[in-house]
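In: Predicted model and sequence below, questions to follow.
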Amino acid sequence: MSAVLTPARLDEALRLLAENPAALAMAGATDLLVRRRGAIPGHEPVLLSLAHVAELQGITEEAAFLAIGAATPFSRIIADPLVHRYAPLLVQAAQTIGGPAIRNMATLGGNICTASPAGDSLPPLYLLDARIELASPAGERALPIAAFILGPGRTALEQGELVTRILLPKAPRFPRERFIKTGRRKALAISVTSFAGRARLDQDGRIAEIRMAWGSVGPTVVRLPALETELVGAPVHAATVERVGLAVHQGVAPISDLRASAGYRRLVAANLATQFVEALGG
Amino acid sequence: MKVRFELNEAPMEIDVAPDRRVVDLLREDLRLTGTKEGCGTGECGACTILVNGQTRLSCLMVAAQLDGARVTTVEGLAATTAGATIQRAFVEEGAVQCGFCIPGMEMAALALLRQGDAPGRECIREGLSGNLCRCTGYTKIVDAVERAGRDLHAGREEQ
Ligand SMILES: Cc1cc2nc3c(=O)[nH]c(=O)nc-3n(C[C@H](O)[C@H](O)[C@H](O)COP(=O)(O)OP(=O)(O)OC[C@H]3O[C@@H](n4cnc5c(N)ncnc54)[C@H](O)[C@@H]3O)c2cc1C
Ligand code: FES
Ligand code: FES
């Protein structure tokens, strides 16, 4: 048996965490309690529940960005008109996570802190230039998502710190935004490969700007910045599509595991990107 | 710790380890064995309950999280018009085989049907997508929820 601390305010949560350095933050508990099944009876860590911490809940609009509280569950993110307006790519990804009950529990902050290579919110957050806001008794700081995620299961979160909000800059929308996830089945499936893309074309139908990210094909989200630059000005035709396919095939470095082989993941990663680019023409 | 919550419309207070899994609290401490444990890891939906009207997986919750909440389990289903309609539709459509998944299916259906209009089949499949059934092949379960939705919508209840 272990204690469960249930603070209602952020300062109280940070104080409890400072007093109980071994405590584990618990948001929706969908990753935490699955992992905790292996804990040695009698040695389970203290749990610090974030579900009632007011500052970590809900979605607010500020002048330059949309702020999503770290402990906001995905079902609430999916239902929120502000997220639909500023971050439809995140809505698309959130809709693929788990099943309805999992989405009522699982939070955006928990998905980020788990830092799984298959975390479905991550490719969109990279493309949306999300910043992760952190708080500790010493103060606040914010990091770009790519600097926060360090590797599989590893983040820049320091002892005594909590993720408070996810900040999404209110940039102009891209006309084409798409999240695609492939898994062994549709619901309740961990991604075999996931893809997020955003693009805009110029008046002549050439690529003006394109951003792409892949999940589950490397230790963290994979981006190919050289390819993104190279594609600016390219017409959307067969040769460009082929170039994208080749570049992705060479650029990603997936591993084999029980869900899929590396070769299959590489192929799917390339196909998802070529599908996206091909559809820009249609 | 003392956890206070509303269980199937009645006040409940129980002295329990704060990190006791809710599925164990319900089944073992309160002897409400309608809620089932299939996988214990969030994948099957057999342990679905409603917390403040929303579906939750009781195998991935601890007792302290119930404090102050409104909880409905399958034992409280028959007391609601929607729940009774769902139960009857499952029986009449022959949607139950071994029955192990049914409490979770019915709780997920209840949350879905409370959202308003009679849902279509695609919407029902999506609403039940977190609940696994090893027996029925799902068709009759979807039939049952579709029928319950229609019945509720048309207000053709006798009770
Ligand atoms: C059946 C099932 C299906 C799933 N399907 C998917 C899927 O399709 N896609 C997907 O991406 N994931 C999936 N997951 C994984 C999981 O649901 C998600 O990663 C979820 O977003 C985790 O959020 P949580 O709130 O439940 O996190 P928790 O389990 O509460 O926490 C996860 C970790 O983050 C830490 N943490 C949480 N919040 C904070 C914070 N604010 N500050 C500091 N640390 C924090 C915790 O200490 C813990 O280490 C699935 C899980 C299950 C059980
Ligand atoms: S027992 Fe909870 S989801 Fe399977
Ligand atoms: S009826 Fe047997 S598992 Fe669904």
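Out: Nice, I can see it. Ligands and ions are numbered 1, 2, ... in the order given.

In: Let me know whether the helix or strand where A:I77 lies sits next to chain B.
Out: Element membership for A:I77, per DSSP states H and E: helix A:74-79. Yes - judged by Cβ under 8 Å from any Cβ of the partner chain, helix A:74-79 and chain B are in contact via A:S75. C-beta: built from backbone N, CA, C; applies to glycine.

In: on contacts alone, who are the packing partners of that helix?
Out: helix A:88-94, helix A:100-105, helix A:108-114 (3 or more Cβ pairs under 8 Å, 6 or more residues apart in numbering or on different chains; DSSP states H and E).

In: Buried residues in that helix, which are they?
Out: For helix A:74-79, burial by neighbour count (16 or more other Cβ atoms under 10 Å in any protein chain shown) applies to A:F74, A:S75, A:R76, A:I77, A:I78.

In: mind putting those in CSV, pLDDT included?
Out: Shown next, in CSV, are the buried residues of helix A:74-79 (pLDDT from 0 to 100):
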residue, pLDDT
A:F74, 98
A:S75, 98
A:R76, 98
A:I77, 98
A:I78, 98
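
In: Distance to B:T41 added to these, as TSV?
Out: Below are the buried residues of helix A:74-79 laid out as TSV (distance: Cβ to Cβ, whole Å):
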residue	distance to B:T41
A:F74	18
A:S75	20
A:R76	23
A:I77	23
A:I78	23
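
In: closest point of chain A to chain B, which residue?
Out: A:G99 (2.2 Å; Cβ to the nearest Cβ).

In: shouldn't that residue be in contact with A:K186?
Out: No - judged on Cβ atoms under 8 Å, A:G99 makes no contact with A:K186 at a distance of 9.8 Å.

In: shared neighbours, these two?
Out: B:S129 (Cβ atoms under 8 Å, 6 or more residues apart in numbering or on different chains).

In: Compare those two (neighbour count), which wins?
Out: Higher neighbour count among A:G99 and A:K186: A:G99, with 26 against 12, using other Cβ atoms under 10 Å in any protein chain shown.

In: Residue 20: neighbouring residues, count only.
Out: Here I'm looking at chain A. A:N20 has 15 neighbouring residues, counting by other Cβ under 10 Å.

In: Wait, chain B was what I had in mind.
Out: Quick note: B:R20 (other Cβ under 10 Å) scores 21 neighbours.

In: Show me what the strand or helix carrying B:V91 is packed against.
Out: Using DSSP H and E, B:V91 falls within helix B:81-92. If contacts are counted by 3+ Cβ pairs under 8 Å, 6+ apart, helix B:81-92 sits against helix B:102-113, helix B:139-154.

In: Quick one, which of those helices gets closest to ligand 3.
Out: helix B:102-113 (6.0 Å; Cβ to the nearest ligand atom).

In: any idea which helix or strand comes after that closest one?
Out: Using DSSP H and E, the first helix or strand after helix B:102-113 is helix B:121-127.

In: got the contact list for that next one?
Out: A:P100, A:A187, B:A108, B:A109, B:A111, B:L112, B:P119, B:Y138, B:V142, B:V145, B:E146, B:G149.

In: Tell me where the stretch 51-200 of chain A has strands.
Out: All strands of the stretch 51-200 of chain A, identified by DSSP state E, counting those that start in this stretch, fall at A:59-61, A:65-69, A:131-136, A:139-144, A:149-151, A:154-155, A:162-169, A:176-182, A:193-201.

In: okay, the ones you listed in a markdown table with mean pLDDT next?
Out: As requested, the strands of the stretch 51-200 of chain A are exported to a markdown table (pLDDT from 0 to 100):
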| stretch | mean pLDDT |
| --- | --- |
| strand A:59-61 | 98 |
| strand A:65-69 | 98 |
| strand A:131-136 | 98 |
| strand A:139-144 | 98 |
| strand A:149-151 | 98 |
| strand A:154-155 | 98 |
| strand A:162-169 | 98 |
| strand A:176-182 | 95 |
| strand A:193-201 | 97 |
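
In: between those strands, which one is nearest to B:T48?
Out: Closest to B:T48 of the strands of the stretch 51-200 of chain A is strand A:176-182 (Cβ to Cβ; 23.4 Å).

In: Partner strands of the closest one, with direction?
Out: Strand pairing for strand A:176-182, using DSSP bridges, gives strand A:193-201 (antiparallel).

In: Could you give the average pLDDT over stretch B:58-72?
Out: Averaging pLDDT along stretch B:58-72 gives 97.

In: Show me how far it is from its chain's centre.
Out: Centroid separation for stretch B:58-72 versus its chain: 14 Å, with Cα atoms, centre = their mean, to the nearest Å.

In: again with stretch B:103-111
Out: For stretch B:103-111, the distance to the chain centre is 4 Å (Cα atoms, centre = their mean).

In: same thing with stretch A:176-191?
Out: 13 Å.

In: Also stretch B:12-22?
Out: On the basis of Cα atoms, centre = their mean, stretch B:12-22 sits 20 Å off its chain's mean C-alpha point.

In: low-scoring stretches of the chain, by residue?
Out: Went with chain A since none was named. Applying pLDDT under 70 to chain A flags residues A:187.

In: my bad, the chain I had in mind was chain B
Out: For chain B, the ranges with pLDDT under 70 are B:156-159.

In: near ligand 3, which residues of it?
Out: Counting by Cβ under 6 Å from any ligand atom, chain B comes close to ligand 3 at B:V96, B:Q97, B:C98, B:G99, B:F100, B:C101, B:C133, B:R134, B:C135, B:T136.

In: Could you rerun that using 5 Å?
Out: B:Q97, B:C98, B:F100, B:C101, B:C133, B:R134, B:C135 (Cβ under 5 Å from any ligand atom).

In: Weed out the non-buried ones from the residues you listed.
Out: B:F100, B:C101, B:C133.

In: Would you mind measuring from the second one to A:Q275?
Out: Distance, B:C101 to A:Q275, using Cβ to Cβ, to the nearest Å: 35 Å.

In: so who does the closest residue to A:V236 other than its chain neighbours touch?
Out: Distances taken as Cβ to Cβ, 6 or more residues apart in numbering or on different chains put A:G281 closest to A:V236, at 3.9 Å, once the chain neighbours are dropped. Contacts for A:G281 were tallied using Cβ under 8 Å, 6+ apart; they are A:G205, A:V236, A:H237.

In: Quick check: phi and psi at the second one.
Out: When quoted as degrees, to the nearest 10, the phi and psi of A:V236 stand at phi -90, psi 90.

In: So it is in contact with A:E278, correct?
Out: Yes - the pair A:V236 and A:E278 qualifies as a contact (Cβ under 8 Å) at a distance of 7.5 Å.
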